[in-house]
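S.K.: Build me a structure from this.
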Amino acid sequence: MAKAFSILVHLCCLLVFNQLAAGADWPQFRGTNSSGVATGTTPPVEFGPGKNELWRLPIGDGHSSPCIVGNSIFLTTYDKTQRQLALVCIDRSKGAIRWERVIPSGRGYEN
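M.R.: A predicted model of the protein is given here:
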């Protein structure tokens, strides 16, 4: 699970790198037009720890497609111990969490 999450985080960083270079929004799952393609950029061939990263940020578990609007990245995370789903807003130029909000529910979420 940790390896899959690490891969997800690196893919998110790659996505952020591409979109930051393009200056475009990524407003939904698979991006603009749901194509999964960031137009106007050439993604790096290699990426990972220390390679082609703008920043690195530890983030909670979750199954989320990042949405990018302006200088904000939005992700959902899940805390298994508290059984809470949350929305996280990240500053895309600094790689810092701006805010995090628990998503209220009448029941616990399960993976």
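
S.K.: Please enumerate the helices of the protein.
M.R.: Under the criterion DSSP state H, the chain carries helices at the ranges 2-22.

S.K.: Which residues are in contact with the closest residue to Arg101 other than its chain neighbours?
M.R.: Closest residue in space to Arg101, ignoring its immediate chain neighbours: Leu87 at 5.1 Å, by C-beta to C-beta, 6 or more residues apart in numbering. Where you see a C-beta, it was placed from the backbone N, CA and C, and this is true even at glycine. By C-beta atoms under 8 Å, 6 or more residues apart in numbering, the contact set of Leu87 is 74-76, 100-101, 103.

S.K.: Of these, keep whichever come out buried.
M.R.: Among the contacts of Leu87, those buried by neighbour count (16 or more other C-beta atoms under 10 Å) are 74-76.

S.K.: can you redo those residues as TSV with pLDDT and distance to Asn33?
M.R.: Shown next, in TSV, are the buried ones among the contacts of Leu87 (pLDDT from 0 to 100; distance: C-beta to C-beta, whole Å):
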residue	pLDDT	distance to Asn33
Phe74	94	19
Leu75	92	21
Thr76	92	22
